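>>> I need the structure of the sequence given here:
(one chain, ligands or ions: 1)
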Amino acid sequence: MKLIICENYDAVMEQAAQITIDIIKNKPDCILGLPTGSTPIGLYNNLVKEYEAGKLDFSQVKSFNLDEYYPIDPENDQSYRYFMNKHLFNRINIDINNTRVPNGNCEDPNQECAEYEKAIDLAGGIDLQILGIGNNGHIGFNEPDKNLQAYTHMTKLTENTIEANSRFFEKSDDVPRKALTMGMASIMKAEKILMLITGKAKHNALMTLLSDNITTDVPASLLKLHTDVTIICDKASYEE
Ligand code: F6R
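Numbers count the residues shown, from 1 in each chain. Presented below is the predicted three-dimensional model:
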């Protein structure tokens with residue numbers, strides 16, 4: 001795994017944007033795997049700036065998001081679909097039909113997950129998978145557990161994640177208890193993985209990532225089995 005340590009959050013987001021921009025320029029019809037959360041907002045802002053400057057074209061880009069709450073209406077302002085439209089898709093020239101987020105409103109989650117996984121493969125696979133990481137080492141909604149699941153599936157949120165995500169809701173009771181998420185193999189199928197880590201609270205997760213240990217207790221540690229992972233972190237997450 002390649003590690004890039006940056007001075008602060010903004011510098012991490014600049015590096016991440018540069019890598020993403022290079023990929024889009026080299027392959028205008030590339031497929032991006034995208035995260036939500038507070039971490040990638042700066043990256044999305046930088047991509048929007050590049051687009052507004054007339055230097056980046058998303059017209060042929062396709063995207064697959066990592067996850068979505070379940071159940072949730074895509075119109076709900078806490079849904080990940082809403083988040084993506086607001087922070088990125090509505091601000092660039094991507095064809096909204098080329099953007100996929102698991103449907104949190106589907107009637108049959110198992111069918112939705114199977115179709116989602118198939119759609120990734122049919123599209124030709126993800127060229128660049130961008131990831132954030134939970135304080136507990138989760139990626140997507142693949143939470144620490146004895147068993148992890150390979151492909152897109154429905155999962156229960158842990159108390160830790162409900163607590164962490166409750167900051168976006170009025171109260172923690174409002175956080176949906178389930179989610180649809182790409183699995184570990186869905187993520188590992190990507191050609192290239194870019195992991196963004198910022199803030200002190202992610203220190204332990206980052207240290208496990210940098211250690212020699214692979215454990216389902218820290219799902220992100222499985223990324224060590226992938227041959228093209230770049231971690232970009234800030235000093236706050238790297239230093240004790
Ligand atoms: C969101 C996702 C999550 C987040 C993680 C970190 O799509 O996949 O795994 O990346 O919870 O969230 P933030 O960036 O809010 O700390």
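>>> residues in contact with residue 57?
Residue 57 makes contacts with 24, 28, 51, 93, as judged by CB atoms under 8 Å, 6 or more residues apart in numbering. (Each C-beta comes from the backbone N, C-alpha and C, glycine too.)
>>> Throw those into TSV and include pLDDT, thanks.
Shown next, in TSV, are the contacts of residue 57 (pLDDT from 0 to 100):
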residue	pLDDT
24	98
28	98
51	98
93	98
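>>> what about stretch 192-202, near the ligand?
No: using CB under 6 Å from any ligand atom, stretch 192-202 never reaches the ligand; the gap is at least 7.3 Å.
>>> er, stretch 45-64 actually
No: using CB under 6 Å from any ligand atom, stretch 45-64 never reaches the ligand; the gap is at least 11.3 Å.
>>> Dump that stretch to CSV, restricted to CA.
C-alpha atoms of stretch 45-64 as CSV (Å, rounded to 0.1, in the frame of the first residue of the first chain):
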residue,chain,number,x,y,z
ASN,A,45,-15.7,20.5,-4.1
ASN,A,46,-12.4,20.3,-5.9
LEU,A,47,-13.8,18.2,-8.7
VAL,A,48,-16.6,20.7,-9.1
LYS,A,49,-14.1,23.6,-9.2
GLU,A,50,-12.1,21.8,-12.0
TYR,A,51,-15.4,21.2,-13.9
GLU,A,52,-16.4,24.9,-13.5
ALA,A,53,-13.1,26.0,-14.8
GLY,A,54,-13.9,24.0,-18.0
LYS,A,55,-11.0,21.6,-17.4
LEU,A,56,-13.0,18.4,-16.6
ASP,A,57,-15.7,16.6,-18.4
PHE,A,58,-18.0,14.0,-16.7
SER,A,59,-20.3,13.4,-19.6
GLN,A,60,-19.1,9.8,-20.1
VAL,A,61,-18.2,9.0,-16.5
LYS,A,62,-20.3,6.4,-14.7
SER,A,63,-20.4,5.9,-10.9
PHE,A,64,-21.5,3.4,-8.3
